[in-house]
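S.K.: Here is my input; please provide its structure:
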Amino acid sequence: MKYSEKIRNDFPILKNITYLDSASTSLTPKVVVDSISDYYNNYNANIGRGTYKTSLKATKKIQKTRDRIANLVNAKNNEIIFTLNTTTAINIIANGFPFEKNDNIIISNIEHHSNFLPWINLEKNNKINVKIAKADENGVINPSTIEDLIDKNTKLIAISHISNSIGSYQDIKEISKIIHEYEDKYLLIDVAQSIGHNKIDVKDINADFIAAPGHKGLLGPTGTGFLYMKEEIGKSIKPRNLGGGTITNLNNKEFNLDEVPYRFEGGTQNISGIIGLGKAIDYIENIKISNIENHCKRLTKDLYEGLKDINDIILYGNPENIRSIVSFNIKGANPYDVSKILDETADVYLRSGFLCAIPSLNHMNAKEGVVRASFHIYNNSDDIEKLVDNVKEIADFLK
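M.R.: This is a model prediction of the structure:
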């Protein structure tokens with residue numbers, strides 16, 4: 001897709017800054033912000049509670065977003081559970097899966113903390129055993145490494161589609177194929193860095209669960225996300241956030257859970273955020289995810305190529321396998337310092353440090369963390385050139 005200035009105009013904040021931190025939080029187009037304002041200004045009401053017009057309108061909007069998400073990932077709408085973010089989605093499974101004594105799960109050593117801490121916390125409480133699959137030097141998990149760790153007690157494999165630390169892309173389809181050759185073993189995929197950038201088809205992948213944010217690749221508001229849960233598994237997962245909207249009957253101390261997904265959506269939801277997320281999905285589908293993917297692949301390649309020619313630059317990952325993320329360091333420079341210089345001298349905003357992925361960056365031998373540039377459809381070649389030029393100046397100054 002040829003870069004369109006019209007798209008850039010949908011993000012007014014870009015008039016003043018160069019934003020390269022979309023792996024943390026993407027920018028939000030005006031149409032999404034307007035949809036949130038429209039809710040508060042014109043039909044602010046709770047959902048599923050009232051029979052008056054504004055409540056019914058808000059409820060209908062929420063259901064439309066659920067339908068949009070289901071269509072986006074090729075799921076049924078009752079397989080989509082609204083969450084606050086990816087972390088919440090993963091914890092629903094970690095805290096509700098019917099693990100038994102001696103069960104184990106498999107994760108990798110390049111996971112975001114959100115797909116690491118819930119599992120090792122269960123292990124510390126003697127609920128499960130955790131096995132860790134090691135990535136290669138480019139942050140890629142060979143599917144055979146997963147297969148070697150599977151045994152009769154393995155119940156779940158939880159893995160990221162794309163690493164948030166260096167952008168390495170995992171062959172989740174092959175991993176899923178291996179896992180589902182066995183009975184009673186399930187696959188959870190953290191798609192935080194791939195959804196919105198890559199087509200996700202839960203049926204094609206044969207995922208049992210996917211955990212996704214609204215505020216990254218989907219260009220939605222913060223405080224939104226979802227959990228996909230395969231229909232036939234849903235009733236075996238125990239909801240832990242019980243309250244308003246999760247039951248159909250309460251008699252003394254006995255209650256009946258509502259159907260999936262509602263039993264997992266206790267309390268008042270982020271109504272305006274979910275409405276905004278629906279509008280954001282409309283926005284990216286109008287652009288087409290394939291166009292976003294191709295655009296970001298080109299920017300990834302251009303940035304990697306531009307940085308690799310700078311003296312004393314360390315780059316991470318295989319440029320043929322990283323997606324929408326380029327992580328780097330300058331020898332002898334602390335990544336926080338590099339990021340701060342880029343901020344203060346050039347208004348270039350990107351992330352530095354351990355990126356909530358300490359095991360991953362230790363594995364990559366980035367002992368002080370990295371500087372991470374990440375992008376979306378609103379970035380362009382000028383952003384890449386500006387970053388490369390400023391990194392070169394810093395590196396030359398430090399020589």
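S.K.: Pretty sure N321 sits against D136.
M.R.: No: checked against CB atoms under 8 Å, the pair N321 and D136 is beyond contact range at 10.4 Å. Bear in mind the C-beta positions are built from the backbone N, C-alpha and C, glycine included.
S.K.: which one of these two has more residues nearby?
M.R.: Ranked by neighbour count (other CB atoms under 10 Å), N321 and D136 place N321 first, with 16 against 13.
S.K.: so how many other residues sit close to the residue nearest to the more buried one when sequence neighbours are not counted?
M.R.: Computed as CB to CB, 6 or more residues apart in numbering, the closest residue to N321 that is not its neighbour in sequence is Y169, at 5.2 Å. Residues lying near Y169 (other CB under 10 Å) number 22.
S.K.: give the contact list for Y169.
M.R.: Listed by CB atoms under 8 Å, 6 or more residues apart in numbering, the contact set of Y169 reads V140, H161, I162, S194, N321, I322, R323.
S.K.: Using CSV, please lay out those together with pLDDT and secondary structure.
M.R.: Formatted as CSV, the contacts of Y169 follow (pLDDT from 0 to 100; DSSP: H, G, I helix; E, B strand; the rest coil):
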residue, pLDDT, secondary structure
V140, 98, coil
H161, 98, coil
I162, 98, strand
S194, 98, coil
N321, 97, coil
I322, 98, strand
R323, 97, coil
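S.K.: and the two most separated of the residues you listed?
M.R.: V140 and S194 (14.5 Å; CB to CB).
S.K.: Tell me which of those two has more neighbours.
M.R.: Per other CB under 10 Å, whichever of V140 and S194 has more neighbours is S194, with 24 against 21.
S.K.: That one contacts I200, correct?
M.R.: Yes: using CB under 8 Å, S194 is in contact with I200, at 6.6 Å.
S.K.: what residues do these two have in common as contacts?
M.R.: Contacts common to S194 and I200, judged by CB under 8 Å, 6+ apart, are H161.
S.K.: where do the strands sit along the stretch 101-250 of the chain?
M.R.: Using DSSP state E, counting those that start in this stretch, the strands of the stretch 101-250 of the chain run over 104-108, 129-133, 154-160, 186-190, 209-213, 225-229, 247-251.
S.K.: Which of these comes out lowest on mean pLDDT?
M.R.: When the strands of the stretch 101-250 of the chain are ranked by mean pLDDT, strand 247-251 comes last with a mean of 95.
S.K.: buried stuff in the helix or strand that that strand is followed by?
M.R.: Per DSSP states H and E, the first helix or strand lying C-terminal to strand 247-251 is strand 254-257. Neighbour-count burial for strand 254-257, counted by 16 or more other CB atoms under 10 Å, picks out L257.
S.K.: Count the neighbours of the residue nearest to K216 when sequence neighbours are not counted for me.
M.R.: Spatial nearest neighbour of K216, excluding adjacent residues (CB to CB, 6+ apart): S26 at 5.4 Å. Using other CB under 10 Å, S26 is surrounded by 27 other residues.
S.K.: For S26, list the residues it contacts.
M.R.: With CB under 8 Å, 6+ apart, S26 has these contacts: G196, H215, K216, G217, L218, L219, H376.
S.K.: Ramachandran angles for it?
M.R.: Per-residue torsions, S26: phi -80, psi 160 (degrees, to the nearest 10).
S.K.: circling back: of the strands of the stretch 101-250 of the chain, which is nearest N9?
M.R.: Nearest of the strands of the stretch 101-250 of the chain (CB to CB): strand 209-213, 24.9 Å.
S.K.: in the helix or strand containing A395, what counts as buried?
M.R.: A395 belongs to helix 381-398 when assigned by DSSP H and E. Residues D383, I384, K386, L387, V388, N390, V391, K392, I394, A395 are the ones in helix 381-398 that count as buried (16+ other CB under 10 Å).
S.K.: What would it look like as CSV? C-alpha coordinates only.
M.R.: Extracted C-alpha coordinates of helix 381-398, given in CSV (Å, rounded to 0.1, in the frame of the first residue of the first chain):
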residue,chain,number,x,y,z
SER,A,381,9.5,6.6,5.5
ASP,A,382,10.2,10.1,6.9
ASP,A,383,9.8,8.7,10.4
ILE,A,384,12.3,5.9,9.6
GLU,A,385,14.9,8.3,8.1
LYS,A,386,14.6,10.7,11.0
LEU,A,387,15.2,7.9,13.5
VAL,A,388,18.2,6.5,11.5
ASP,A,389,19.8,10.0,11.1
ASN,A,390,19.4,10.8,14.8
VAL,A,391,20.7,7.4,16.0
LYS,A,392,23.8,7.9,13.7
GLU,A,393,24.4,11.3,15.3
ILE,A,394,24.3,9.8,18.8
ALA,A,395,26.6,6.9,17.8
ASP,A,396,29.1,9.2,16.1
PHE,A,397,29.1,11.5,19.2
LEU,A,398,29.8,8.5,21.5
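S.K.: Can you name every helix or strand that that helix contacts?
M.R.: Helices and strands touching helix 381-398, by 3 or more CB pairs under 8 Å, 6 or more residues apart in numbering; DSSP states H and E, are strand 18-19, helix 289-308, strand 325-330, helix 335-346, strand 348-349.
S.K.: hey, which of those is tucked in deepest?
M.R.: Mean neighbour count (mean count of other CB atoms under 10 Å) peaks for strand 325-330 among these, with a mean of 27.
S.K.: Can you list the strands that it pairs with?
M.R.: strand 313-315 (antiparallel), strand 370-374 (antiparallel) (DSSP bridges).
S.K.: so for it, what's the average pLDDT?
M.R.: 98.
S.K.: Show me the contact partners of that strand.
M.R.: 23, 162-167, 193, 300, 303-304, 307, 312-317, 335, 338, 366, 368, 370-374, 391, 394-395, 398.
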